[in-house]
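Participant: The amino acid sequence is not available; the structure is as follows:
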């Protein structure tokens, strides 16, 4: 009998406690979220602030359900995605630092922070996010080195740390993540060579505007690549064998480097829409295998030589200026110009000797032709950029020397 009284007493106390808790913590609030995730959200909130003009954190009221906060996405009792900041274009972002508490979200698959003024380095314990597939923190002020331990994130598919202040080498282990499809590290202060990327799912590699140096091994990049930008570094050496393997490319930008040697003719048959090779030390003839269907081709400021191939006349925007091309401009270029098929044809600063165009022909207003500083008198109605200079023709001594 006494035992039944004690049981009833305990049951009564439990009910009273439950009623009190329901009064203090209304039903449908943060009580359903994993405690570790809840505490991590609180810590992150303390480490970040809205920049003037942003009200991203206005919904982060911890007396309500955190799964209803802006940028917080949950599945069951876990946070699976954090998109920190207002994603509308032009909106002010966040300031502060990324707290190591970010590594406490055991189920987090996606982490992004919009452009703002996030300072400091990347927390080392990001490597605890074993389910992370998407990591994008661009256009902030993240500094320090890229943690080599990020390679432990074997599920990572997208890594975007562009437009920050990162320094040091690109950890070679990053290239060994098997599921990587997008690596975007442009506009930082990264040094060293281009690491080898072995992931056969890699489609986008963007390392532009860094301080990368050295040659690139022909086998360092996978044939799965569709977008490759290495622009504005100090990379050198030949790339013909490398490019010959990347037959899935639809965008290629190697401009503003120190690459040498020739470019493979097969490159022009790839599904590329934009080819940027300007301001390097490429040399030799340019001989496509077939009619070129690329929309924009920029080979300017190199050392290409030989005659201009008529197979290039189908390119809409073609920059061959500041090279060593010789001979006549093919008639197919004239036909395409007059029919407005070519919008930009820059051939200035070469050793070209003529173009067969009727002086009375009118080049469409939508087209630009520049031929000055060659071994000929250019047609009157040609439009050149200001940086082409004022000299219409190349000195005859230079022309004679080049022919010789």
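Facilitator: Here it is on my side, so go on. As the structure is a prediction and not an experimental result, all values here were calculated from the model. Numbering: from 1, shown residues only.
Participant: Which stretches in the stretch 51-200 of the chain count as strands?
Facilitator: 72-75, 78-84, 94-97, 110-113, 117-119, 134-137, 143-145, 158-160, 165-168, 182-184, 189-192 (DSSP state E, counting those that start in this stretch).
Participant: Give the buried residues for the first one.
Facilitator: Of the residues in strand 72-75, those buried under the neighbour-count criterion (16 or more other C-beta atoms under 10 Å) are 72, 74. Backbone N, C-alpha and C define where each C-beta goes, glycine included.
Participant: ok, it: who's next to it in the sheet?
Facilitator: Partner strands for strand 72-75, per DSSP bridges, with pairing direction: strand 78-84 (antiparallel).
Participant: Can you tell me what sits against the partner strand?
Facilitator: Residues from elsewhere that reach strand 78-84 (C-beta atoms under 8 Å, 6 or more residues apart in numbering): 33-34, 37, 40-41, 44, 48, 56, 66-67, 71-74, 94, 102, 105-114, 131.
Participant: returning to that earlier point: which one of the strands of the stretch 51-200 of the chain lies nearest to residue 287?
Facilitator: strand 182-184 (32.7 Å; C-beta to C-beta).
Participant: Relative to the closest one, what are the paired strands and their orientations?
Facilitator: Partners of strand 182-184, by DSSP bridges, with direction: strand 158-160 (parallel), strand 204-206 (parallel).
Participant: Just put these in TSV and tack on mean neighbour count and mean pLDDT.
Facilitator: Converted to TSV, the strands paired with strand 182-184 look like this (neighbours: other C-beta atoms under 10 Å; pLDDT from 0 to 100):
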stretch	mean neighbour count	mean pLDDT
strand 158-160	20	98
strand 204-206	20	98
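Participant: With distance to residue 174 as extra columns, can I get these in JSON lines?
Facilitator: Below are the strands paired with strand 182-184 laid out as JSON lines (distance: least, C-beta to C-beta, whole Å):
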{"stretch": "strand 158-160", "distance to residue 174": "7"}
{"stretch": "strand 204-206", "distance to residue 174": "11"}
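Participant: which one of those strands lies closest to residue 237?
Facilitator: Of all those, it is strand 204-206 that lies closest to residue 237, at 17.5 Å by C-beta to C-beta.
Participant: now for the following helix or strand past the closest one, which elements pack on it?
Facilitator: In the C-terminal direction, the helix or strand that comes right after strand 204-206 (DSSP states H and E) is strand 211-214. Here strand 211-214 touches strand 189-192, strand 234-238, going by 3 or more C-beta pairs under 8 Å, 6 or more residues apart in numbering; DSSP states H and E.
Participant: Contacts for the helix or strand following the longest one next, please.
Facilitator: Meaning strand 234-238. Using DSSP H and E, the next helix or strand after strand 234-238 towards the C-terminus is helix 240-245. Here helix 240-245 makes contact (C-beta under 8 Å, 6+ apart) with 216-221, 223, 252, 261-264, 266-267.
Participant: go with 6 Å
Facilitator: Helix 240-245 is contacted from outside by 216, 218, 223, 261, 262, 264, 266, 267, using C-beta atoms under 6 Å, 6 or more residues apart in numbering.
Participant: Which one, of the helices and strands packed on strand 211-214, ends up nearest to residue 138?
Facilitator: strand 189-192 (14.2 Å).
Participant: so what does the closest one touch, helix or strand wise?
Facilitator: The contact analysis (3 or more C-beta pairs under 6 Å, 6 or more residues apart in numbering; DSSP states H and E) places strand 189-192 against no helix or strand.
Participant: Partner strands of that strand, with direction?
Facilitator: Strand 189-192 has the following strand partners under DSSP bridges: strand 165-168 (parallel), strand 211-214 (parallel).
Participant: List the buried residues for that strand?
Facilitator: Of all the residues in strand 189-192, those buried under the rule 16+ other C-beta under 10 Å are residue 190.
Participant: rewinding a little: distance to residue 351 added to the strands of the stretch 51-200 of the chain, as a markdown table?
Facilitator: Formatted as a markdown table, the strands of the stretch 51-200 of the chain follow (distance: least, C-beta to C-beta, whole Å):
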| stretch | distance to residue 351 |
| --- | --- |
| strand 72-75 | 61 |
| strand 78-84 | 55 |
| strand 94-97 | 56 |
| strand 110-113 | 51 |
| strand 117-119 | 52 |
| strand 134-137 | 48 |
| strand 143-145 | 48 |
| strand 158-160 | 44 |
| strand 165-168 | 43 |
| strand 182-184 | 40 |
| strand 189-192 | 38 |
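Participant: so which of the ones you listed comes closest to residue 382?
Facilitator: So among the strands of the stretch 51-200 of the chain, strand 182-184 is nearest, using C-beta to C-beta, at 39.6 Å.
Participant: got a list of contacts for that closest one?
Facilitator: So strand 182-184 is contacted by 158, 159, 160, 162, 204, 205, 206 (C-beta under 6 Å, 6+ apart).
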